[in-house]
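# Everything below, folded, please.
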Amino acid sequence: MKTIAVNEYTFEHYANAFKALADSKRLKLLNELCSRGQVCVCDLCEIMEMTQSKLSYHLKILLDVDLITQEKKGKWNYYELNQMQVNHLLSPELCCLFRPTC
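So this is what the prediction gives:
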C-alpha cells in the first residue's frame, strides 16, 4: 500500500471533510445524491423537506470540502455526489495515517 504525504494541510483537509459529514441532514443529502445522481436544487428542497435557505447552507458546506459538485443550468443549480472525493475519503490510504505500517 502506498504512503501518502502527511502535513498540516492533509490533517486539515480530512478534519474539514469529517466535520461536513458529522451531520445527519448532510449524510442524508449525500445518500440522496448517490441514489438519484444529478438533482436540481428545487427537487432537493422537496426530497429533503427543507427550505431552500436551509438546504443551501448544507450544500455550501459539502461544496466547500468538494464532496459534491454544482452545475448551473439556466437559472437552476444541479448538484451531484463527487464520487472520486468520497472514494478518496473512504480509501485505504486514509487508514495508513493511523497504522504503524501499511
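# Need the pLDDT of the residue nearest the centre of the chain.
By Cα atoms, centre = their mean, the chain has its centre lying nearest to Leu67, at 2.4 Å. With respect to pLDDT, Leu67 scores 95.
# from memory it sits against Val86, does it?
Yes: at 6.3 Å, Leu67 and Val86 qualify as touching, with contact defined as Cβ atoms under 8 Å. Yep, even glycine has a C-beta here, placed from its N, CA and C like the rest.
# so what sits against both of the two?
Leu30 (Cβ atoms under 8 Å, 6 or more residues apart in numbering).
# picking that back up, can you pull the contacts of the residue nearest to the centre of the chain?
Shown in contact with Leu67 (Cβ under 8 Å, 6+ apart): 17, 20-21, 30, 81-82, 85-86, 89.
# just Asp66 next, same as before
Counting by Cβ under 8 Å, 6+ apart, Asp66 makes contact with 82, 85.
# SS state for it?
coil (DSSP: H, G, I helix; E, B strand; the rest coil).
# Tell me the backbone dihedrals of it, please.
Dihedral angles of Asp66 (phi, psi; degrees, to the nearest 10) stand at phi 70, psi 20.
# That one and Leu30: what is the separation?
Shown here: Asp66 relative to Leu30, a distance of 12 Å by Cβ to Cβ, to the nearest Å.
# ok, back up a step: what separation is there between the residue nearest to the centre of the chain and Leu55?
15 Å.
# Please enumerate the helices of this protein.
Assigned by DSSP state H, the chain shows helices spanning 8-21, 24-36, 41-48, 52-64, 83-89, 92-96.
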